[in-house]
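Enquirer: Here's my sequence, what's the structure:
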Amino acid sequence: MASKAASYAETSRLSFLGTWKNRLREIVSSEMGNPVHDPMFEAELRAVEEESDGLDENFVFHIDVDCFFVSAARAGNPSLQNIPVAVTSGGDSHSDICTASYEARKFGVRKGMLLSKARLQCPHLSIVRTSPELFKKLNDITRVMYRVFLQYSTDIHPLSCDELLMRVPKRYSKNVIESGKILRQMILKKTGCPVSIGIGLSSIMARLSTQFAKPPGEGVHQLQSLRDLPVRSLTGVGRVMEQKLSAANITKCQHISQTDEETLKKLVGGVLARKLQAMASGQEASDIQFGVSSFLEQKPQSISRNLNWAIRPNERSDVDVIIRDICSQVHHSFVSVESKPIPHKVTLKLLIRAKDAPEPLKRFGHGKVTPWTASSSYRLGIAESAIEAFSSFNGQVDQIRGIGVTLHLKYKHEDKRVKDGCNTIDRFLHSNSGKQPSGAARNKESKPVEMLVIDDDDDDDDDVVEEEEFELFHSSDSSIDDVHTQSYSSPTQFFCSQSDGVKRFKTNSTKPTTRANNRNKNTVTEVIDIDALPDSPKRRKQRPANRKQRDVTIV
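Expert: Alright, predicted model coming up:
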């Protein structure tokens, strides 16, 4: 019998959307390894090819499938063509609309609307429920789409399961609109799903062009300039931000470009000011990387699973069962990651019913909630770590309305500051001058490192000291006088520098002893006794009192 979390994932649209990247990597990898070319498609594209003269502009396509779930349900089903259709996760009146066709939107049916209200708006609305069969159909359509996309260009940047950016090959630059129409027609022919294609000189221009390509548009649109577009069309500008900008007579993208950065900073802040000016001028986003290899080589930083429907526990044991159920889903995804990450930390997220919140209109929905989170370092396993985090929850168990588990990941050798040959304690202990040790020294066994805690106060309470794993890194730049500092979670990492033959260390560990945690005025000093450095003098670096940091002294 399928578990609750597994059953939820089988029919949940949100669960399907949340795992799109892993499925798409498998599809892209498979299609690149065994490419299938359509001769007719190649012939049509060859007709609009022109040899590049080196002056052609670099165009970007933004491709978005129109109402993907509805389009997939309609594919191969003539009875759903040209009529109002909505997709829901449930069939009763308290279910909400996942997506609606353009025909249904004309009657006011919108995403998130309760099905009972949608049927009042549109009595002849046809309903399609999410199911494993529909999700399989969506995957099959995605595979066919990417087979066509990759035949046109391999410079892709997927954004979601139904949306991607694509750099247009130079040979199509002179006839970019015609080549876009050919691509769109081929997708429609192969899958039965209509797509909208926006064209621009950057990803932001292409994405903004797509809104003009969507119905009732012609499906392909090229945006020449952003000057006359309203500021609300830019990412990050909502209703409140729009009102702030409008009060300063900034209503169009050209106004943002004409406003100096300092004035804009006072209105929206420094980070958003720079972002808005870059978008308004049509600059390419720095985080966009085109290419199949870039997409396939992306490493997941975390794996999450959430169950926010039909959560009504009565006892803590009920929550433990659900947590273990969710963790089994997380573990299943973790073992399938090819890059072999290392589990680092587990975060538990609970949705707690807000005070005096009424029961939600959506049947078994979570309603108005307040989030609660706690984390635990990964030690005994995903489930045990999550349950350990749950042990710190002191609220009412029967008020929990949602449970989520996130497994944080890390990878070996991902810190670029750690150079080859400088990342072990052995090499430091056998280095007298900061130079790289010889091959023989690298293989010698290192001496143990001791940690002592010195208490500055006068009372007799026992200090609580927790053991930590220490990693010492030698700086590759021996001319640095100050100490390199960087915040890290356990294990604590020390960065050292060398000046005048003295090696200095400093840690940013924010895990104080129990006593220091209760008394900010106390100073807790860690003394590392390294026999290999008998000539190193004591050195203590003063720090502001408001920094929760432990001093390290070499003796």
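Enquirer: residue ranges of the strands in the stretch 251-400 of the chain, please?
Expert: Listed in chain order, the strands of the stretch 251-400 of the chain (DSSP state E, counting those that start in this stretch) span 302-307, 342-353, 369-377, 400-410.
Enquirer: Could you export these as TSV, including distance to residue 99, mean neighbour count and mean pLDDT?
Expert: Backbone N, C-alpha and C define where each C-beta goes, glycine included. Shown next, in TSV, are the strands of the stretch 251-400 of the chain (distance: least, CB to CB, whole Å; neighbours: other CB atoms under 10 Å; pLDDT from 0 to 100):
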stretch	distance to residue 99	mean neighbour count	mean pLDDT
strand 302-307	20	20	91
strand 342-353	24	20	94
strand 369-377	24	15	94
strand 400-410	22	22	94
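Enquirer: To residue 271, which of those strands lies closest?
Expert: Nearest of the strands of the stretch 251-400 of the chain to residue 271, taken as CB to CB: strand 302-307 at 23.2 Å.
Enquirer: now for that closest one, which elements pack on it?
Expert: Packed against strand 302-307 by the contact rule (3 or more CB pairs under 8 Å, 6 or more residues apart in numbering; DSSP states H and E) you find helix 4-11, helix 13-18, helix 316-335, strand 400-410.
Enquirer: got a list of contacts for that strand?
Expert: Outside strand 302-307, the residues that touch it by CB atoms under 8 Å, 6 or more residues apart in numbering are 4-5, 8-9, 14-15, 18, 322, 325-326, 329-330, 333-334, 337, 349, 402-409.
Enquirer: swap the cut-off to 7 Å and go again
Expert: 5, 8, 322, 326, 329-330, 333-334, 402-409 (CB atoms under 7 Å, 6 or more residues apart in numbering).
Enquirer: Using CSV, list the CA coordinates for that strand.
Expert: Extracted C-alpha coordinates of strand 302-307, given in CSV (Å, rounded to 0.1, in the frame of the first residue of the first chain):
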residue,chain,number,x,y,z
SER,A,302,19.1,20.5,-1.3
ILE,A,303,16.2,18.0,-1.7
SER,A,304,12.8,18.9,-0.3
ARG,A,305,9.5,17.2,0.1
ASN,A,306,6.4,18.9,1.6
LEU,A,307,3.0,17.5,2.6
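Enquirer: Distance from the chain centre to that strand, please.
Expert: Here the centre of mass of C-alpha atoms in strand 302-307, compared against the chain's by CA atoms, centre = their mean, to the nearest Å, lies 12 Å away.
Enquirer: Equivalent analysis for stretch 217-228, please.
Expert: With CA atoms, centre = their mean, you get 29 Å for stretch 217-228.
Enquirer: Buried residues in that stretch, which are they?
Expert: Judged by neighbour count (16 or more other CB atoms under 10 Å), stretch 217-228 contains these buried residues: 219, 220, 221, 222, 223, 226.
Enquirer: quick check: mean pLDDT across that stretch?
Expert: Taken as a whole, stretch 217-228 carries a mean pLDDT of 88.
Enquirer: any weak-confidence spans in the stretch 51-200 of the chain?
Expert: Low-confidence segments of the stretch 51-200 of the chain (pLDDT under 70): 52-56.
Enquirer: What segments of it are helices?
Expert: 68-74, 102-105, 115-121, 132-152, 176-191 (DSSP state H, counting those that start in this stretch).
Enquirer: for the last one, packing partners?
Expert: What it means is helix 176-191. helix 39-46, helix 132-152, strand 195-200, strand 220-222 (3 or more CB pairs under 7 Å, 6 or more residues apart in numbering; DSSP states H and E).
Enquirer: now the angle between helix 39-46 and that helix, please.
Expert: 170 degrees (axes from the mean of the first three to the mean of the last three CA atoms, to 10 degrees).
Enquirer: just checking, residue 241 touches residue 269?
Expert: No: Residue 241 lies out of contact with residue 269 (CB atoms under 7 Å); the separation is 10.2 Å.
Enquirer: Which of those two has more residues huddled nearby?
Expert: Using other CB atoms under 10 Å as the criterion, residue 241 and residue 269 rank with residue 241 on top: 17 against 11.
Enquirer: quick one: contacts for residue 86?
Expert: Contacts of residue 86 by CB under 7 Å, 6+ apart are 97, 100, 104, 109, 118, 125, 127.
Enquirer: er, residue 352 I mean
Expert: Contacts of residue 352 (CB under 7 Å, 6+ apart): 369, 370, 372, 395, 399, 400, 401.
Enquirer: Can you tell me the number of residues neighbouring residue 272?
Expert: Per other CB under 10 Å, the neighbour tally for residue 272 reads 16.
Enquirer: Ok, the one 4 residues further on next?
Expert: The local packing count at residue 276 equals 26, with neighbours defined by other CB under 10 Å.
Enquirer: one step back: out of the helices and strands packed on strand 302-307, which is the most enclosed?
Expert: Highest mean neighbour count of these: strand 400-410, a mean of 22 (counted as mean count of other CB atoms under 10 Å).
Enquirer: List the strands paired with that one, with their directions.
Expert: Applying DSSP bridges to the sheet, strand 400-410 is found paired with strand 302-307 (antiparallel), strand 342-353 (antiparallel).
Enquirer: ok, back up a step: are any of the contacts of residue 86 buried, and which?
Expert: For the contacts of residue 86, buried by 16+ other CB under 10 Å: 97, 100, 104, 109, 118, 125.
Enquirer: residues touching residue 154, list them.
Expert: Contact partners of residue 154, counting by CB under 7 Å, 6+ apart, are 291, 292.
Enquirer: how about a cut-off of 8 Å?
Expert: Contacts of residue 154 by CB under 8 Å, 6+ apart are 32, 291, 292.
Enquirer: circling back to that earlier point, may I see the strands of the stretch 251-400 of the chain arranged in TSV, with distance to residue 47 as well?
Expert: Converted to TSV, the strands of the stretch 251-400 of the chain look like this (distance: least, CB to CB, whole Å):
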stretch	distance to residue 47
strand 302-307	46
strand 342-353	52
strand 369-377	55
strand 400-410	47
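Enquirer: Next one: the residue nearest to residue 41 when sequence neighbours are not counted from residue 390, what distance?
Expert: Closest residue to residue 41 apart from its sequence neighbours, by CB to CB, 6 or more residues apart in numbering: residue 186 at 5.2 Å. Distance, residue 186 to residue 390, by CB to CB, to the nearest Å: 51 Å.
Enquirer: Same check on residue 398?
Expert: With CB to CB as the criterion, residue 398 and residue 390 are 15 Å apart.
Enquirer: What count of nearby residues applies to the residue nearest to residue 353 when sequence neighbours are not counted?
Expert: Closest residue to residue 353 apart from its sequence neighbours, by CB to CB, 6+ apart: residue 399 at 4.4 Å. Neighbours of residue 399 under the rule other CB under 10 Å: 17.
Enquirer: swap in residue 37?
Expert: By other CB under 10 Å, 10 other residues sit near residue 37.
Enquirer: Begin at 2, not 1, for the rest of this chat.
Expert: Happy to do that; since the first residue is 2 now, the last one works out to residue 38.
Enquirer: Okay, now the unreliable bits of the stretch 302-451 of the chain?
Expert: Scanning the stretch 302-451 of the chain for pLDDT under 70 picks out 414-451.
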